[in-house]
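**Student:** need a structure here:
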Amino acid sequence: MAKAQTLLLLGFLSTLIFALNKATLVNSNGLTVKLIHPHSPESPSFQGNLSSEERIKTSVFQSNIRDNYLARTSSSTMQTQIKTQLFHYTVKVGIGTFKSKPSYKEYYLEMDTGGGLVWMQCDGCTKCFKQTPKPFPKQNSSSYRPILVENKPSFYECAYQDGYSTSGMSAQETFYLTSKNGGLAKIENLKFGCGLVNNMHFGEQKNNKIAGIMGLGWDEISFVKQLGPQIKGVFSYCLPVVSNKTPSTYLRFGEDVSHIEKYSKSTPLYRKNKDNSYYVDLQGISVNKTRLDISPQVFALRNDVRSGCMIDSGMPYSRIVSPAFDLLKMKLEKYFSGFKGLKKIKGDLGLELCYERSKAEKYNNLPEVTLHFRGADFVMKAEAVFEVVGRSIIRLREYFCLAMVRDSRKSIIGSHQQTNHRIVYDTKNTRLVFYPVDCSKNP
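**Tutor:** The predicted structure follows:
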């Protein structure tokens, strides 16, 4: 998601929060939980077997809408948003202590690498979105503890850049996550927002099952930072190629992060102002090892809101700032002009550069694209650069498209471009570590 947000903690200071009981991962310094991809039948947003065209269109719309919330003012865009906001990676958590079996309530939370807060909708909300099951019944949980300052409840407000917001009570609770081996990981005293006034998109979905957000960003109250000493500020994921048969993958923390290979590379992670998103220093782009003539200033990280390059697992397709996108598109057009049996077409997927093929080749004969980060090259194989659509009743020939979109000021590395790489966020040492791997075999 990585939606820039403004987070206010009302009634107390961060230093007072952390004078309270620390969040503790019981009997472990590592954690591995299933990361549910948006097209999995396990996803709370699963909409059946979408065709390749439907899935791509949805991803394009989401990539555009997430970046420009002002477009929400038009009714046609709002209809698109209702459909596309469903496509996020989610995790399933247990929360609370009840006289029941199991002794906790289960909810789905959206994973947000740019969020600074863990929150979910609570019973008693005055502005609520529709959800199943019902909002968290805090008053019935024996482990629920509102955070008090001078014997008064403390409150939070969180406003996201895309125009959504949540506010409510600040509290501590016991969380449970099912680990990869089937065991139950227990986290005590995790600070979270108990949402009471929630202006969020989740309820726009029929039978919505998403209750809130698990923020993994820079802030001291994010999930990662609260468990920081135990998990050493490290989390990781490996995203396989998305299809209707995409296997499960996992979100790993601390000691459960896979052994970092000798051939791994790393680049610095940056935080811009108080933005919770993770930024990297993108300095250039190559196509099949031929570097494009792009000034590094095009990607420069400045203090204004829309500049630089962030990495965002919730952005389906990367957004590339226009001067660089134009050069990338021109280079690919020149590359494909040397091939017979290709016909440039104007597809209806929302992607700018598409070609029809005389014979089906899938990802064969498609070039690699390299992102040159500070101190490291991120090499994307063809499956992370393009989308290939097979033959159908409507179109008798296979075609492929560049799976990136342009942006007027900022670049964002989306989940499709992260395909088949182990991505490790080392927040303690402020670096992003990565190396290529088949994520369907080593999730």
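
**Student:** State the helix or strand in which the residue nearest to Lys410 when sequence neighbours are not counted lies.
**Tutor:** Closest residue in space to Lys410, ignoring its immediate chain neighbours: Arg306 at 4.7 Å, by C-beta to C-beta, 6 or more residues apart in numbering. Any C-beta I mention is one placed from the backbone N, CA and C, and that applies to glycine too. Using DSSP states H and E, no element contains Arg306; it sits outside every helix and strand.

**Student:** my read: Gly308 touches Ala300, true?
**Tutor:** Yes. The criterion here is C-beta atoms under 8 Å, and Gly308 meets it with Ala300 at 6.9 Å.

**Student:** Counting neighbours around each, name which of those two comes out higher.
**Tutor:** Gly308 (24 against 13; other C-beta atoms under 10 Å).

**Student:** would you list every one of the helices in the stretch 251-400 of the chain?
**Tutor:** With DSSP state H, counting those that start in this stretch as the criterion, the stretch 251-400 of the chain has helices at 322-336, 382-385.

**Student:** any idea which of the ones you listed is most buried?
**Tutor:** Burial of these is given as mean neighbour count (mean count of other C-beta atoms under 10 Å); helix 382-385 ranks first at a mean of 20.

**Student:** Restricting to C-alpha, output that helix in PDB.
**Tutor:** Extracted in PDB, the C-alpha atoms of helix 382-385 (Å, rounded to 0.1, in the frame of the first residue of the first chain):
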ATOM      1  CA  ALA A 382      10.900 -10.600 -18.600                       C
ATOM      2  CA  GLU A 383       8.200 -11.900 -16.300                       C
ATOM      3  CA  ALA A 384       8.700  -8.900 -14.000                       C
ATOM      4  CA  VAL A 385       8.700  -6.400 -16.800                       C
END
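
**Student:** Contact partners for the residue nearest to Lys410?
**Tutor:** 408-410 (C-beta atoms under 8 Å, 6 or more residues apart in numbering).

**Student:** And the residues you listed, which is the shakiest by pLDDT?
**Tutor:** In terms of pLDDT, Arg409 ranks lowest among those, with 85.

**Student:** these two touch, right, that residue and Val321?
**Tutor:** Yes. Taking C-beta under 8 Å as the definition, Arg409 is a contact partner of Val321 at 6.3 Å.

**Student:** In terms of packing, which of these two has more residues around it?
**Tutor:** For Arg409 and Val321, the more surrounded residue by other C-beta under 10 Å is Val321, and the numbers stand at 22 against 14.

**Student:** Just list whatever residues bridge to the more buried one.
**Tutor:** Bridge pairing for Val321 (DSSP bridges) gives the partners Asp407.
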